[in-house]
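Engineer: curious how this folds, go ahead:
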Amino acid sequence: MARRATPRKTSVRASNRQRFKQLGPFRGVDNVSDETASSYEPNSRSGSYLREAVNVDLTNDGWVRRRPGARKVLDFQQGHSGAVINGRLFAVDNGDLLSISVSGGSATAEVLASGLGNGSMSYALAGANIFCCNGTFAGCINPDDTWGPWGLVPPQPPVLTPSTGGLPAGRYMVALTSELDGLEGGSRVAVPIELTATGGIRVEGIYPDSQADAVNVYLTNTNGDQLFWAGRFDTPVAALEIATLPQSTDLLDRMNMWPPPERAHMVRLFKGRLLVAADNELYFSQPLAYHLFNKSTDLQQFPERIKLLAPLDVDQGGGFFVGAGSTTWWVGGNDPDTWKPDPIDDSFLSEGEHVLVPGEVFPSLETSSMVVLWMTKDGVVAGLPGGQIRKLTDDVYAMDAFARFSMTYHEEKNVNQVVTSLRQKDHENAFGMSDRAFCDIVRAGS
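Structural biologist: Predicted coordinates:
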């Protein structure tokens, strides 16, 4: 049998060393400089910039690596608005709000609510509940993964008539609230009635929130102006009788309080209150009463639809950023009495959910505080305590403006990334400049 020749591998390796050149480390991506700029040439002091890269990641020390792939574990029809909140994964698919459980290489989805439309869902964890809104619907995910209302609509002012009882003659006022599973909503204006003799009050025209399981009745003392709790009545109830003065000292403290507007499209938690954006209006809840909003007084209007709502809850320099149209404002302070929007930037904003990251992720920011990130036509913007902003990519990366963005912060071994997805291109940046010159040289006598 003829002996088989042994392949000569050494020559192949030598050829590969001559043919391929190791690339990196890189300082990042730069598509602003002219193609012949020195920033693309490596030097002894620092690496060069990449002009364009597809399907690769840059490690923290600047080396290129192939981007890892993804594996599908769940089928969506129109999946969007994914969020991990308090260790739980949620998403919206074809109008259904889903609670998703992932185990190993598979996932299962439970429908929490249906018929919500396909608007982008915004979430905020406050207490033990997750509050949600998408511009059409507003609701609440309870700790047991059930879907419930975000507050209750106050009952209509009732109809009062004199009846029999032991109330002294005089003037009284009555107000009603709705209740569900121990959660009490607000009331509308109190209704007065005058008793000319000892008697009672018949209350009719009781129309609580359709989801309520009880109605609470509040009554003043004779000729008083403070409303005290006078009784709780299970629904449905068509009429009820008040025959004695209130025995409770529990005052009504939620007059003119409502749930958030149904057109609310963005929600955030800040200093014990929920901030809610509804078109161009910003509402804030009562402190630690996330289902109560005084919609006539506790709001701030902005000139255009609110596209950014980014709280920065820190001990020093806390506040929140508000973006509408092409303007970003900073609202500093812990209490609504001190809130005053100050314009800080005039770059076109994309609408979406900001990301909160430690300042150490970006050494150039020189801060150990938490910072918030969002997108404008100038790229990624970092918001710092006190209302400072830094445009992290403005000088090296040019991009088109998009109507919406999604963003997340990803961290693994030797890679820290802010990953952004952009949708609905708004307009293109068609203007550019270069320092390259073209000259025609004409020699004398030629």
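
Engineer: near residue 71, how many other residues are there?
Structural biologist: With neighbours defined by other C-beta atoms under 10 Å, the count for residue 71 comes to 5. No exception for glycine: its C-beta is placed from N, CA and C like everyone else's.

Engineer: over to residue 187?
Structural biologist: So residue 187, with other C-beta under 10 Å, has 23 neighbours.

Engineer: any idea which element the spatially closest residue to it that is not a sequence neighbour lies in?
Structural biologist: Excluding its sequence neighbours, the residue lying closest to residue 187 (C-beta to C-beta, 6 or more residues apart in numbering) is residue 175, at 4.4 Å. With elements taken from DSSP states H and E, the one containing residue 175 is strand 170-180.

Engineer: now for that strand, which elements pack on it?
Structural biologist: If contacts are counted by 3 or more C-beta pairs under 8 Å, 6 or more residues apart in numbering; DSSP states H and E, strand 170-180 sits against strand 191-195, strand 199-204, strand 214-220, strand 227-234.

Engineer: what lies in contact with the helix or strand following that strand?
Structural biologist: Moving toward the C-terminus from strand 170-180, the next helix or strand (DSSP H and E) is strand 183-184. Strand 183-184 is contacted by residues 151, 152, 177, 178, 216, 254, 291 when judged by C-beta atoms under 8 Å, 6 or more residues apart in numbering.

Engineer: correct me if wrong: the fifth one contacts residue 180.
Structural biologist: No - because the distance of 11.4 Å does not satisfy C-beta atoms under 8 Å, residue 216 is recorded as not touching residue 180.

Engineer: quick one, which of those two is more surrounded?
Structural biologist: Legend: neighbour count by other C-beta under 10 Å for residue 216 and residue 180, higher for residue 216 (22 against 18).

Engineer: so what's the residue count around the closest residue to that one other than its chain neighbours?
Structural biologist: Among residues not flanking residue 216 along the chain, residue 177 sits closest, at 4.5 Å (C-beta to C-beta, 6+ apart). Residue 177 is flanked by 26 other residues according to other C-beta under 10 Å.

Engineer: now the one 4 residues further on
Structural biologist: Using other C-beta under 10 Å as the criterion, residue 181 is surrounded by 11 other residues.

Engineer: quick check, pLDDT for residue 273.
Structural biologist: The score at residue 273 is 97. That number is its pLDDT.

Engineer: shaky segments in the stretch 251-400 of the chain?
Structural biologist: For the stretch 251-400 of the chain, no stretch is flagged by pLDDT under 70.

Engineer: for it, just list every one of the helices.
Structural biologist: In the stretch 251-400 of the chain, no segments count as helices under DSSP state H, counting those that start in this stretch.

Engineer: and the stretch 1-150 of the chain, by the same measure?
Structural biologist: 9-19.

Engineer: and of the helices and strands packed on strand 170-180, who's closest to residue 85?
Structural biologist: strand 214-220 (30.0 Å; C-beta to C-beta).

Engineer: residues contacting that closest one, please?
Structural biologist: So strand 214-220 is contacted by 155, 172-180, 184, 187, 190, 201, 203, 206, 208, 226-235, 237, 240, 242, 245-246, 252 (C-beta under 8 Å, 6+ apart).
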